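Peer 1: Attaching a predicted model along with its sequence, questions to come.
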Amino acid sequence: MIESVILKNYRQFKDLEFVCNPDKNIFIGDNGAGKSTILEAIRLVLSGSFSCISKIGIHNLFNCNTIENFLSAYLDNKEAELPIILVEVYLDSNSDKIKDIFKLEGKHNSKNRNLYGMRLVIELDEDYRQDFYNCLEGNQKIFPFEYYTVRYSTFSDEPYNSFKKPFKYKWEFINTSEINVEIALKHYVTHIFESVTEEGDRARIFNGLRTASKEYIGELYKKNKIKEGEYKIDVDGVYSSDICNFLTVKKGNIDINSLGQGEKLLLSLFKYEATQDIDVLLIEEPENHLSFGNMQLLIQLLQQLTCAQCFLSTHSNMIATKLELSNSFILGNNKITKLNQLDKDTEKFFVKLTNQNVLNFILSSKVILVEGAAEYILIDDMYKYFTDNSSSLYDDKITLISCNGLSFERYLAISKLIKNKVAVITDNDHDYKHKVIEKYRSYDTNFIKAFSDENDDRYTFEVCLFNDNQEWLEKNRISRSENIQSFLLNQKAEAAYRISSKLSCENESEFIIPKYIKEAFEWINE
């Protein structure tokens with residue numbers, strides 16, 4: 001099991017360390033936050049692949065700010081410390097399997113302690129130190145990456161590469177956006193074949209196929225169906241499991257090669273469900289190509305996957321919540337936040353939640369929470385009206401989320417951990433003191449603040465709208481009913497839609513936004 005990971009000067013991470021979960025590790029964040037970077041770093045260390053680094057390019061792996069800072073420092077001080085890339089993967093020292101791999105143990109790590117693990121270091125090749133500095137003197141704006149070298153080693157300082165490793169630690173990486181489905185399906189065919197046959201039977205099948213193929217080719221030569229020449233076609237006489245390339249698997253009467261991309265992807269993952277022969281599984285955005293139904297199957301598969309430690313990146317609300325938010329790492333601003341302190345009741349709430357918008361909440365620096373369809377329909381229109389149509393919530397990077405008023409505190413439990421700014425727009429339900437003041441007293445008002453009308457008679461959003469805009473509502477014929485307030489309360493979504501249509505008119509200037517909603521808009525932008 002991977003216990004922790006350290007990255008220094010690796011891509012966007014100048015200095016990052018995090019402790020891994022023993023089972024599932026879910027990385028969520030905006031595009032460019034570093035989800036793929038972390039999976040890539042772990043993959044490189046486990047693989048020991050020099051060719052992968054060569055393909056990516058050392059210059060693309062280095063943190064840009066680190067290089068720029070060094071070049072600036074070198075102009076002032078020729079003794080400026082040279083930048084290096086360091087990726088360290090620490091393994092569980094309590095695992096008997098790890099302890100049996102003696103060459104993983106040592107003090108050659110950044111902690112300088114006797115631990116188990118492996119590392120990737122990219123640093124100046126000392127054989128070319130003089131050449132490096134000569135180049136640097138020649139052009140102090142260009143960093144000479146060409147003189148840097150790559151080294152993989154265990155914590156015992158034992159070097160390794162993708163062809164020769166002093167340890168057996170099995171892992172696999174699945175990038176669903178670039179997956180070679182053809183190869184993955186062949187693996188699946190082999191897996192199915194081996195799961196339904198005994199070893200002795202497999203040998204007889206292989207032998208029978210080779211014998212029959214050889215006899216058939218011989219018959220074709222006898223009948224002159226194949227022309228004889230200097231080179232003659234024959235069957236490979238060497239036993240090989242590659243003969244599975246002759247086989248396929250059918251789902252009903254449909255060949256799996258004819259299935260859709262999403263189903264093929266699921267099949268390529270199914271082989272890990274029962275296998276015990278893997279330690280780490282890295283998955284890049286497993287939700288790609290999947291319908292809602294197949295997404296449910298994928299989640300079931302990942303929930304049942306207990307034989308391997310799993311690291312995955314995702315943009316899917318369903319995956320993040322169904323696999324439990326406490327397994328999640330939030331990436332942003334070159335740092336990582338773990339949600340393992342979330343209470344179990346809140347976690348279970350989001351697992352059961354059908355309206356999956358928790359990632360929108362987590363990844364937003366500013367959020368407005370409302371408790372009904374009417375507020376959700378109108379708040380953005382009100383915000384545009386508030387800013388004289390100069391900007392929308394989206395323009396000002398404010399996320400609007402609708403949830404039942406009883407759910408507010410579930411979202412706020414997450415906000416306490418990640419420190420995003422949240423304005424709660426809520427009804428006072430005839431009791432402003434207890435339903436608003438007392439209920440939200442314990443929250444840090446620098447990050448979380450509740451807004452509601454202070455008058456208990458203005459107990460809900462619709463009543464506030466009516467009291468502030470009775471003439472406007474009548475003038476714009478929001479309802480033919482004589483009792484417009486009753487219409488607002490009984491047909492909330494329809495009424496809000498009609499108000500929204502009128503607010504979008506450019507010449508509209510008489511509408512009054514309830515005072516507490518204005519205050520929420522002002523506070524969220526402070």
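Peer 2: Nice, I can see it.
Peer 1: got the contact list for the one helix or strand K348 maps to?
Peer 2: Using DSSP states H and E, K348 sits within helix 344-352. With CB atoms under 8 Å, 6 or more residues apart in numbering as the test, helix 344-352 has contacts from 321-322, 324-326, 358, 407, 410, 413-414. Using the backbone N, CA and C atoms, a C-beta is placed for each residue, glycine as well.
Peer 1: Give me the buried positions along that helix.
Peer 2: Using 16 or more other CB atoms under 10 Å as the test for burial, helix 344-352 gives 346-347, 349-350.
Peer 1: Check which residues of the helix or strand just after it are buried.
Peer 2: Per DSSP H and E, the first helix or strand lying C-terminal to helix 344-352 is helix 358-362. For helix 358-362, burial by neighbour count (16+ other CB under 10 Å) applies to 358-359, 361-362.
Peer 1: Now do the same contact list for the residue nearest to K141 when sequence neighbours are not counted.
Peer 2: Nearest residue to K141 in three dimensions, chain neighbours excluded: L71, at 6.6 Å (CB to CB, 6 or more residues apart in numbering). L71 makes contacts with 140-141, 143, as judged by CB under 8 Å, 6+ apart.
Peer 1: Which one (most neighbours) among those residues?
Peer 2: F143 (21 neighbours; other CB atoms under 10 Å).
Peer 1: can you list the weak-confidence ranges in the stretch 1-150 of the chain?
Peer 2: Counting by pLDDT under 70, the stretch 1-150 of the chain contains low-confidence ranges at 99, 102.
Peer 1: From start to finish, how long is stretch 452-459 in a straight line?
Peer 2: This stretch, stretch 452-459, spans 9 Å end to end (CA to CA, to the nearest Å).
Peer 1: hang on, the earlier thing: the buried residues of helix 358-362: which two are farthest apart?
Peer 2: L359 and F361 (7.1 Å; CB to CB).
Peer 1: and Q296, what does it touch?
Peer 2: M318.
Peer 1: Tell me the buried residues in the host helix or strand of it?
Peer 2: Using DSSP H and E, Q296 falls within helix 292-304. Using 16+ other CB under 10 Å as the test for burial, helix 292-304 gives 294-295, 297-299, 302.
Peer 1: Is it possible to get CSV of those residues that adds pLDDT and distance to Q130?
Peer 2: CSV is the format used below for the buried residues of helix 292-304 (pLDDT from 0 to 100; distance: CB to CB, whole Å):
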residue, pLDDT, distance to Q130
N294, 74, 59
M295, 77, 57
L297, 78, 60
L298, 78, 55
I299, 80, 57
L302, 80, 52
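Peer 1: Greatest separation within these: which pair is it?
Peer 2: Greatest spatial distance among these (CB to CB): N294 and L302, at 12.6 Å.
Peer 1: any chance of the buried residues of helix 292-304 in a markdown table, plus distance to L220?
Peer 2: Listed next are the buried residues of helix 292-304 as a markdown table, based on distance: CB to CB, whole Å:
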| residue | distance to L220 |
| --- | --- |
| N294 | 44 |
| M295 | 49 |
| L297 | 45 |
| L298 | 46 |
| I299 | 51 |
| L302 | 49 |
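Peer 1: for the residues you listed, which one is nearest R119?
Peer 2: Closest approach to R119 among the buried residues of helix 292-304 (CB to CB): L302, at 28.9 Å.
Peer 1: And the nearest residue to the closest one once chain neighbours are set aside, how far from N317?
Peer 2: Nearest non-adjacent residue to L302, counting by CB to CB, 6+ apart: L323, 6.0 Å away. Going from L323 to N317 by CB to CB, to the nearest Å gives 11 Å.
Peer 1: swap in A496?
Peer 2: 25 Å.
Peer 1: Compare the two (neighbour count), which wins?
Peer 2: Shown here are A496 and N317; by other CB under 10 Å, A496 has more neighbours (24 against 20).
Peer 1: Is the more buried one in a helix, a strand, or coil?
Peer 2: Here A496 is recorded as helix under DSSP: H, G, I helix; E, B strand; the rest coil.
Peer 1: and S479, what does it touch?
Peer 2: Per CB under 8 Å, 6+ apart, neighbours of S479: 473, 487-488, 491, 495, 498.
Peer 1: Now do the contacts for E88.
Peer 2: 5-6, 45, 109-110, 117-120.
Peer 1: Following the chain past the strand or helix carrying L7, name the next helix or strand.
Peer 2: L7 belongs to strand 2-10 when assigned by DSSP H and E. Remark: after strand 2-10, the chain's next helix or strand is strand 13-19, criterion DSSP H and E.
Peer 1: And that next one, what does it pack against?
Peer 2: strand 2-10, strand 335-338 (3 or more CB pairs under 8 Å, 6 or more residues apart in numbering; DSSP states H and E).
Peer 1: I'd like the ones you listed written out as a markdown table, with distance to D125 and mean neighbour count added.
Peer 2: A markdown table is the format used below for those (distance: least, CB to CB, whole Å; neighbours: other CB atoms under 10 Å):
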| stretch | distance to D125 | mean neighbour count |
| --- | --- | --- |
| strand 2-10 | 17 | 21 |
| strand 335-338 | 32 | 17 |
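Peer 1: ranges for the helices of the stretch 151-300 of the chain?
Peer 2: Applying DSSP state H, counting those that start in this stretch to the stretch 151-300 of the chain gives helices spanning 181-196, 199-222, 261-270, 292-304.
Peer 1: and the first one, average pLDDT?
Peer 2: The pLDDT scores in helix 181-196 average 66.
Peer 1: Kindly report the same for stretch 308-321.
Peer 2: Mean pLDDT, stretch 308-321: 86.
Peer 1: Report the separation between the two terminal residues of that stretch.
Peer 2: Note: stretch 308-321 ends 20 Å apart using CA to CA.
Peer 1: residues making contact with that stretch?
Peer 2: By CB under 8 Å, 6+ apart, the residues outside stretch 308-321 that reach it are 1-2, 20, 22-28, 35-36, 38-39, 42, 272, 278-287, 295-296, 298-299, 302, 328, 350-351, 353, 356-360.
Peer 1: Name the SS class of N69, please.
Peer 2: helix.
Peer 1: That one: neighbour count?
Peer 2: 14.
Peer 1: Let me know the distance separating it from E158.
Peer 2: For N69 relative to E158 (CB to CB), the value is 33 Å.
Peer 1: Repeat that for G29.
Peer 2: In terms of CB to CB, G29 sits 35 Å off from E158.
Peer 1: ok, now K435?
Peer 2: Applying CB to CB to K435 and E158 gives a distance of 64 Å.
Peer 1: can you check Q309 too?
Peer 2: Q309 is 23 Å from E158, by CB to CB.
Peer 1: Looking at those two, which is more packed in?
Peer 2: Between Q309 and E158, counted using other CB under 10 Å, Q309 has the larger neighbour count: 22 against 17.
Peer 1: what pairs with that one across the strands?
Peer 2: Beta-bridge partners recorded for Q309 (DSSP bridges): V280.
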